[in-house]
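Peer 1: predicted model, plus sequence, below.
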Amino acid sequence: MASWVLSECGLRPLPKVYNLPRSKFSSIPSRIRGSPVSPDLKTPYPLKISCCSLSNSRERKWEVNVAAPLQVAPPSTAAEDSGNAVVNGSPEGFDPAAPPPFKLADIRAAIPKHCWVKDPWRSMSYVVRDVAIVFGLAAAAAYLNNWVVWPLYWFAQGTMFWAPFVLGHDCGHGSFSNDPKLNSVVGHLLHSSILVPYHGWRISHRTHHQNHGHVENDESWHPLSESIYNSLDNMTKKLRFTLPFPLLAYPIYLWKRSPGKSGSHYHPDSDLFNPNERKDIITSTACWSAMVALLVGLGFVMGPVQLLELYGVPYVMFVTWLDLVTYLHHHGHDDKLPWYRGEEWSYLRGGLTTIDRDYGWINNIHHDIGTHVIHHLFPQIPHYHLIEATEAAKPVLGKYYREPKKSGPLPVYLLGVLWKSLRKDHYVSDTGDVVYYQTDPELLE
């Protein structure tokens, strides 16, 4: 009987021959039904087949090759605490580590079909809007040029820099449009302008989505194991968990990743990438280098001080937003959430540990990236459908969905959430397939 996979176009039968590259970093659930199996592995590949790719197998694919498996069977045994932390359920006794009573296909079936439709014209309209605002703010600040305006400009422009990053992120997922070339061109322009290597980050972000919630294999803000944590010197520990340093980590991460991992987002031979992605990395690094050269040239034309005022400080604010948002999508819930290893991990259970956040007035500016649970489970959904898709999925998710606290006009309260998490969430046990963050009391002294 023919197997079926979830694609951008719905359900498509799998071709009979699977000549797929092996991903070195994906930890794929071992119980995905209807997925092709590698001839040298016992784990199936996550597979995404777009409508346009079947007619021309040589067409180059630029978008993130992350598609949610159609079905994820629940583990044979219930998740248990690792013995290093108590089970942190809700007051009603709900255990967030328990296997959910629904499948990924159940969530997908609840989401209206039009939420999967990608409108390139609508996507481009957001690009035009964001670019116009960025240049408008810069022109206004340069014209007024006084120290009453500059602090307001830095916050506003740094916030706006985060907006095109989110659109470039959509290009990387292929949720911007169904045209891989359009996604690649727009993604390079948006990400290079804010010093992000498009393909390098796209691929590492793919690894994050394929392994969300896995202690070792996740890529973004994953926990340190106790042994790796203990190997760090005291100064590194302090910097890692003391504000503002965690909010400035992103550029460092691009160059050297997290403790316990190696490789650079700029180097084509990095462990992050497969050999067949080498040209993509060279292209993105070249675009990033061209932007650096442009900034150096602008420094000579307008002077380094004005360049720092117009671009440098907003860039730091953008990095702060990026680190704040991405960290809080996976940390800081009132009830501790599990991280998984081994047979307890699955794509569905890992995705259900992500957290939605409300950013008040910033929601629209940031293209509703705070609506994160459904995005993690189904990254093919365009950002402008995430709210509707989430509302439709809530009855299926039940207690596995954590309603975000409503924010005021500005999400100032999230700084307190971040501070609390950094003081408590330090490492997880080296052993156990279901683990929770533990606290180093010496770090609080």
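Peer 2: On my side now, so go ahead.
Peer 1: ok, now how distant is Asp430 from Ser231?
Peer 2: The span separating Asp430 from Ser231 equals 12 Å under the rule CB to CB, to the nearest Å. (Each C-beta comes from the backbone N, C-alpha and C, glycine too.)
Peer 1: neighbour-wise, which of those two wins?
Peer 2: Asp430 (16 against 12; other CB atoms under 10 Å).
Peer 1: wait, the more buried one touches Ser227, no?
Peer 2: Yes - Asp430 lies in contact with Ser227 (CB atoms under 8 Å); the separation is 5.2 Å.
Peer 1: name the nearest residue to Leu190, sequence neighbours excluded.
Peer 2: The shortest distance from Leu190 to any non-neighbouring residue, by CB to CB, 6 or more residues apart in numbering, is to Gly168 (3.7 Å).
Peer 1: over to the one you found. Which of the three states is it?
Peer 2: Of the three states, Gly168 takes helix under DSSP: H, G, I helix; E, B strand; the rest coil.
Peer 1: just list the residues touching it, thanks.
Peer 2: Gly168 makes contact with Val186, Gly187, Leu190, His191, Val196, Tyr198, according to CB atoms under 8 Å, 6 or more residues apart in numbering.
Peer 1: from those residues, pick the one nearest Val296.
Peer 2: Taking CB to CB as the measure, Val296 lies nearest Val196 of the contacts of Gly168, at 17.8 Å.
Peer 1: mind checking which helix or strand the closest one is in?
Peer 2: For Val196, there is no enclosing helix or strand under DSSP states H and E.
Peer 1: pretty sure it contacts Met291?
Peer 2: No - with contact defined as CB under 8 Å, Val196 and Met291 do not form a contacting pair (9.4 Å).
Peer 1: quick one, which of those two is more surrounded?
Peer 2: Just comparing Val196 and Met291: by other CB under 10 Å the higher neighbour count belongs to Val196, 27 against 18.
Peer 1: show me the shaky parts of the stretch 301-445 of the chain.
Peer 2: Low-confidence segments of the stretch 301-445 of the chain, defined by pLDDT under 70: 445.
Peer 1: quick one, strands of it?
Peer 2: In the stretch 301-445 of the chain, the strands defined using DSSP state E, counting those that start in this stretch lie at 339-340, 434-435.
Peer 1: for Pro304, find the nearest of those strands.
Peer 2: With CB to CB as the measure, strand 339-340 is the member of those nearest Pro304 (43.9 Å).
Peer 1: what packs against that closest one?
Peer 2: Packing partners of strand 339-340 (3 or more CB pairs under 8 Å, 6 or more residues apart in numbering; DSSP states H and E): strand 434-435.
Peer 1: neighbouring strands - and their directions - for the strand it packs on?
Peer 2: According to DSSP bridges, strand 434-435 forms sheet pairs with strand 339-340 (antiparallel).
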